[in-house]
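K.L.:
Got a sequence here, can you build the structure:
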Amino acid sequence: MNLRIVLKDYLVMRRKLGYKLETDEKFLRSFVAFFKSQKSSYLTTDLALKWARRYKNPACWAVRLTTLRGFAGYWKIIDPRTEVPPLNIVGPHRKRGSPVIYTEQQVTKILAATQKLPSKDSYTYWTLFGLLLATGMRIGEALALNNEDVDLKQGLITIRKGKLDKPRILPLHKTTRKILNQYVQQRDRRFVCSNGPAFFVVMKGTRLSPYMAIKTFTQVLNILGFRTLLQGKYVRLYDLRHTFATRTLTRFYQNGQDIDAKIHALSIYLGHKYIQCTYWYLTNVPELMSLVLSRLENKMEGNL
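P.N.:
Next up, the predicted model:
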């Protein structure tokens, strides 16, 4: 049996379901090379553990074994001798950490500091950070936008490269639409235009990179002294998405709106695959939990 062909077929099957699997493919190719070096005829749990523990960081073991479990399940159909590593064999998978939620005042300071950066590309960063806060887009989605995806006449953004390649359309608030119009005018007047398709570009006319976006965001947080907010966590532009989602849900609760109906719409807007991903904010953000409990208490008192 050629394990490389088995892996290729497995990846093709999963990708037809919408999964990208870039990291998974790297892990599994590493495993195939390791398996071949061991001269074993079939997969055992001990062999899987030996492969996972080759990495120094124990926190990575569960991640790699989880990836291998999926492949092992497929492999077992072809070779019944295959052992699928038990779940949590090296401890539980790393839990999703609590997000950093920026306050209205902190958001104002972040955007103001971005505008004052000495970089000639500060206007692009300011517009990008503002769009992430206004729409909750993923950073990859925003940087992948082309001019044709941003319809400022209709006030719509088309995300073509969403998670699992699932496209969606985002309506824009009139204030966001106005800012994007101003950005396009300034960009086309001040930047070296190469007639490329990218919406967010740097001064030389090339598409803004994720590396430079996170580097600049980190620089802004350092200038403001906000790094203490992170409590040892990595600086993540993704937290601007978390901030949008949390502020939106908080507004729903404060306005007494139908959460079940509203959260479904928000889930679609954010591009979540499962609505549970949106409900996650209710249990992992203390401010939201207090509002949930307060409403629950009021309902219970009304039924007494």
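K.L.:
just to confirm, which helix or strand has Leu133 in it?
P.N.:
Take DSSP states H and E as the rule and Leu133 turns out to sit in helix 122-135.
K.L.:
So which elements touch that helix?
P.N.:
The contact analysis (3 or more C-beta pairs under 8 Å, 6 or more residues apart in numbering; DSSP states H and E) places helix 122-135 against helix 104-115, helix 139-143, helix 174-190, helix 210-224, helix 238-254. Bear in mind the C-beta positions are built from the backbone N, C-alpha and C, glycine included.
K.L.:
Note down every partner strand of the helix or strand just after the second one and its orientation.
P.N.:
Using DSSP H and E, the next helix or strand after helix 139-143 towards the C-terminus is strand 150-151. When sheet partners are counted by DSSP bridges, strand 150-151 sits next to strand 156-159 (antiparallel).
K.L.:
Just checking the distance from the helix or strand following the partner strand to the centre of its chain.
P.N.:
Counting by DSSP H and E, the next helix or strand C-terminal to strand 156-159 is strand 168-171. With C-alpha atoms, centre = their mean, to the nearest Å as the basis, strand 168-171 stands 17 Å off its chain's centre.
K.L.:
What of stretch 153-170?
P.N.:
15 Å.
K.L.:
Now the terminal residues of that stretch, how far apart.
P.N.:
Stretch 153-170 has an end-to-end distance of 14 Å (C-alpha to C-alpha, to the nearest Å).
K.L.:
still on that earlier bit, got the angle between the helix holding Leu133 and helix 104-115?
P.N.:
Angle, helix 122-135 to helix 104-115, by axes from the mean of the first three to the mean of the last three C-alpha atoms, to 10 degrees: 160 degrees.
K.L.:
Show me what counts as buried in stretch 6-15.
P.N.:
By 16 or more other C-beta atoms under 10 Å, the buried positions in stretch 6-15 come out as 6-7, 10-11, 14.
K.L.:
Turn those into JSON lines, columns for distance to Ile179.
P.N.:
Formatted as JSON lines, the buried residues of stretch 6-15 follow (distance: C-beta to C-beta, whole Å):
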{"residue": "Val6", "distance to Ile179": "51"}
{"residue": "Leu7", "distance to Ile179": "47"}
{"residue": "Tyr10", "distance to Ile179": "45"}
{"residue": "Leu11", "distance to Ile179": "41"}
{"residue": "Arg14", "distance to Ile179": "39"}
